[in-house]
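Peer 1: what shape does this take:
(one chain, ligands or ions: 2)
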Amino acid sequence: MKTLITASIRRAAEFIKKGEIVAFPTETVYGLGANVYDDEAIKKIFIAKKRPIDNPLIVHISNVNQIESLVKKINKCAKTIIENFFPGPITIVLEKNDAISELVSGGLNTIAIRMPALELSRKFIDECGVPIAAPSANLSGSPSPTSWKHVYNDLNKRIPCILKGPNCEVGIESTVVDCTGNKPVILRPGIISLEDLQKVFSEVKIYNLKNIKKPKSPGMKYKHYAPKAKVILINSEEDLDKIEFDKNVAAFIGLIKIKGLKKIKRVNDLRDYARNIFDFFRKCDEEKIKVIFCQRVPEIGLGLAIMNRLKKAAHL
Ligand code: TXA
Ligand code: MG
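Peer 2: Ligands and ions are numbered 1, 2, ... in the order given. Just a heads-up that it's a prediction; the model follows:
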């Protein structure tokens, strides 16, 4: 299959309308989308990505009015998130409407919904005329794609179209929040942080992210975000003295100054860290790096989401 790379929203949407799948940009990571009501198209997503069938998809909307047709009821918890954070890098989980196929929900009776902040994503969804079910547009198991080139490297010849857009401003996947109860539960941390949610809720829970045997967010149980290189988390340059490794095939990403390794990415702040982490993992693999040292950060604010991805990459 030939993969068309286009900047034309209209041309990309035509693929969706004829039952095909399309990779498209969002502010978090690129998604691989299909018409939420077309089971045959949804199946193509799982095949192209080699994604386990029980891992549900996020449904992307361009207008909050579309939520009603996807869920049983929009409760107060969901309303608060919609009012405060939509459109944005956050996903809500609600009880699904019967019209939504179990292929989309991975057999669950709930549905995950997100309205991207990137205008280009919303224009694309608008042009498709239906909500778009989409996981991240990477091969299952590899780091999420934060540029159209990452998508191309993973899925060239496996998908018919990539809608070309900017590199992803956020760089890590959305915050996923379970809204099926009265109180919000963070299933996957993201740039909209626990502290951001605490500003609008009296109580916010975090689902035990380590309970990987029966996670509420099924995606969390799979190996994720991992480059081929070994990932080791460190606190300071001195930590390197305790480890035996070859500097010629070693890399570092973080806020501190480190010298002498083959590849070094010094980030300015946490946003810069999040924006660069997956791209750095991919570049390291391309350059045959064997070990990647990543600086730990305090698990507050965006730091919780960064550490969540780093720990997964380090298999901790
Ligand atoms: O930023 C993002 O969320 C990106 C862009 C494309 O929007 N999408 C993304 O999709 O990261 P994906 O499939 O890679 O991750 C979706 C996560 C998975 O961990 C999945 O298990 C969880 O959301 N999820 C989806 N539906 C769910 C549901 N009904 N209940 C609980 N978790 C759900
Ligand atoms: Mg993913």
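Peer 1: residue most distant from the centroid, this protein?
Peer 2: Within the chain, residue 241 marks the point farthest from the mean C-alpha position, 34.2 Å out by CA atoms, centre = their mean.
Peer 1: that's a helix at that residue, yeah?
Peer 2: Yes. Residue assignment for residue 241, taken from DSSP: H, G, I helix; E, B strand; the rest coil, places it within a helix.
Peer 1: if I pick it, what's in contact with it?
Peer 2: Going by CB atoms under 8 Å, 6 or more residues apart in numbering, residue 241 touches no other residue. (C-beta placed from N, C-alpha, C; glycine too.)
Peer 1: before we move on, what about residue 275?
Peer 2: With contacts taken as CB under 8 Å, 6+ apart, residue 275 has the following neighbours: 146, 168-171.
Peer 1: any chance of these in JSON lines, plus distance to ligand 1?
Peer 2: Output for these, formatted as JSON lines (distance: CB to the nearest ligand atom, whole Å):
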{"residue": "146", "distance to ligand 1": "10"}
{"residue": "168", "distance to ligand 1": "9"}
{"residue": "169", "distance to ligand 1": "12"}
{"residue": "170", "distance to ligand 1": "8"}
{"residue": "171", "distance to ligand 1": "10"}
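Peer 1: need the residues you listed in TSV (columns: distance to residue 75, neighbour count and pLDDT).
Peer 2: Output for the contacts of residue 275, formatted as TSV (distance: CB to CB, whole Å; neighbours: other CB atoms under 10 Å; pLDDT from 0 to 100):
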residue	distance to residue 75	neighbour count	pLDDT
146	33	27	98
168	30	26	98
169	30	17	98
170	27	23	98
171	31	26	98
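Peer 1: is it true that residue 95 lies in a helix?
Peer 2: No. Under three-state DSSP, residue 95 falls outside any helix and is assigned strand.
Peer 1: wait, it touches residue 73, no?
Peer 2: Yes. Under the criterion of CB atoms under 8 Å, residue 95 makes contact with residue 73 at 6.9 Å.
Peer 1: where's residue 63 relative to residue 245, distance?
Peer 2: Spatial separation of residue 63 from residue 245 under the definition CB to CB, to the nearest Å is 51 Å.
Peer 1: now do the closest residue to residue 54 other than its chain neighbours, the pLDDT please.
Peer 2: Leaving out its chain neighbours, the residue that sits closest to residue 54 by CB to CB, 6 or more residues apart in numbering is residue 106, at 4.8 Å. Reading off the per-residue confidence, residue 106 sits at a pLDDT of 95.
Peer 1: next, count neighbours for residue 106.
Peer 2: Per other CB atoms under 10 Å, the neighbour tally for residue 106 reads 18.
Peer 1: can you check the one 5 residues further on too?
Peer 2: Neighbouring residues of residue 111 were enumerated by other CB under 10 Å; the total is 25.
Peer 1: can you count the residues close to the residue nearest to it when sequence neighbours are not counted?
Peer 2: Using CB to CB, 6+ apart and skipping residues adjacent in sequence, the residue nearest residue 111 is residue 96, 3.7 Å away. Burial measure for residue 96: 22 neighbouring residues, criterion other CB under 10 Å.
Peer 1: need the strands for the stretch 1-150 of the chain, in chain order.
Peer 2: Counting by DSSP state E, counting those that start in this stretch, residue ranges of the strands within the stretch 1-150 of the chain are 4-6, 22-24, 31-35, 58-60, 90-95, 110-114, 132-134.
Peer 1: any chance of those in a markdown table, plus mean pLDDT?
Peer 2: Formatted as a markdown table, the strands of the stretch 1-150 of the chain follow (pLDDT from 0 to 100):
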| stretch | mean pLDDT |
| --- | --- |
| strand 4-6 | 98 |
| strand 22-24 | 98 |
| strand 31-35 | 98 |
| strand 58-60 | 98 |
| strand 90-95 | 98 |
| strand 110-114 | 98 |
| strand 132-134 | 98 |
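Peer 1: in a markdown table, list those strands along with distance to ligand 1.
Peer 2: A markdown table is the format used below for the strands of the stretch 1-150 of the chain (distance: least, CB to the nearest ligand atom, whole Å):
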| stretch | distance to ligand 1 |
| --- | --- |
| strand 4-6 | 18 |
| strand 22-24 | 8 |
| strand 31-35 | 3 |
| strand 58-60 | 5 |
| strand 90-95 | 4 |
| strand 110-114 | 3 |
| strand 132-134 | 5 |
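Peer 1: looking at those strands, which is nearest to residue 205?
Peer 2: With CB to CB, the closest approach to residue 205 among these belongs to strand 90-95: 13.1 Å.
Peer 1: parallel or antiparallel, which strands does the closest one pair with?
Peer 2: Taking DSSP bridges as the criterion, strand 90-95 pairs within the sheet with strand 110-114 (antiparallel), strand 175-178 (parallel).
Peer 1: just send the strands of the stretch 1-150 of the chain back as JSON lines, with distance to residue 307 too.
Peer 2: Output for the strands of the stretch 1-150 of the chain, formatted as JSON lines (distance: least, CB to CB, whole Å):
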{"stretch": "strand 4-6", "distance to residue 307": "34"}
{"stretch": "strand 22-24", "distance to residue 307": "28"}
{"stretch": "strand 31-35", "distance to residue 307": "24"}
{"stretch": "strand 58-60", "distance to residue 307": "22"}
{"stretch": "strand 90-95", "distance to residue 307": "19"}
{"stretch": "strand 110-114", "distance to residue 307": "22"}
{"stretch": "strand 132-134", "distance to residue 307": "26"}
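Peer 1: appreciated, that's everything.
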